[in-house]
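Enquirer: Provided below for reference: sequence and predicted model.
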Amino acid sequence: MPTLSDWPKVRSSFVRNPVDEWRVARMVADMTLAEKVGQMTQPEIAAITPDEVRQYGIGSVLNGGGSWPNADKHAAPGEWLALADAYWSASKSTRTKIPVI
């Protein structure tokens, strides 16, 4: 990517790993526009199912605004874990196999 002179410079304490940089660049170059859009989309759990995460290649799913697994305000920790696992499994079954955050 080009470096733009008016963009702020990021100084990270993490050392860049050229192998990781190459892998990410290759992965992004191989993605379709639809897959890139899916990775940038962050629906909230009330607005997306695991099947839709798979269908659209969603990159992350948010929780906020009063949503709970199965619309149950008193959902047990196991239900939260099951929902997170369902999103993760769906994301890993996409063409890119990029795990959902």
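Expert: Looks like it came in fine.

Enquirer: isn't residue 72 right up against residue 80?
Expert: No. The criterion here is Cβ atoms under 8 Å, and residue 72 misses it with residue 80 at 10.2 Å. Yep, even glycine has a C-beta here, placed from its N, CA and C like the rest.

Enquirer: Between these two, point out the one with more neighbours.
Expert: More neighbours surround residue 80 than the other of residue 72 and residue 80, with 14 against 9 (other Cβ atoms under 10 Å).

Enquirer: OK, contacts around the closest residue to the more buried one other than its chain neighbours?
Expert: Of all residues not flanking residue 80 in the chain, residue 69 sits nearest, at 5.8 Å (Cβ to Cβ, 6 or more residues apart in numbering). For residue 69, the contact set (Cβ atoms under 8 Å, 6 or more residues apart in numbering) comprises 45, 75, 79, 80, 82, 83.

Enquirer: how does it look with 6 Å?
Expert: For residue 69, the contact set (Cβ atoms under 6 Å, 6 or more residues apart in numbering) comprises 75, 79, 80, 83.

Enquirer: chain center to the strand or helix carrying residue 82, what's the gap?
Expert: Element membership for residue 82, per DSSP states H and E: helix 77-92. Relative to its chain's centre, helix 77-92 lies at 13 Å (Cα atoms, centre = their mean, to the nearest Å).

Enquirer: export it as CSV, just CAs?
Expert: Written as CSV, here are the backbone C-alpha positions of helix 77-92 (Å, rounded to 0.1, in the frame of the first residue of the first chain):
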residue,chain,number,x,y,z
PRO,A,77,-22.7,-19.0,30.8
GLY,A,78,-22.9,-22.2,28.9
GLU,A,79,-25.5,-20.6,26.5
TRP,A,80,-23.1,-17.7,25.9
LEU,A,81,-20.3,-20.2,25.2
ALA,A,82,-22.5,-22.2,22.8
LEU,A,83,-23.4,-19.1,20.9
ALA,A,84,-19.8,-18.0,20.6
ASP,A,85,-18.8,-21.5,19.5
ALA,A,86,-21.5,-21.5,16.9
TYR,A,87,-20.3,-18.2,15.4
TRP,A,88,-16.7,-19.5,15.5
SER,A,89,-17.6,-22.8,13.8
ALA,A,90,-19.6,-21.0,11.2
SER,A,91,-16.7,-18.7,10.4
LYS,A,92,-14.2,-21.5,10.1
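
Enquirer: Nice, that's everything, thank you.
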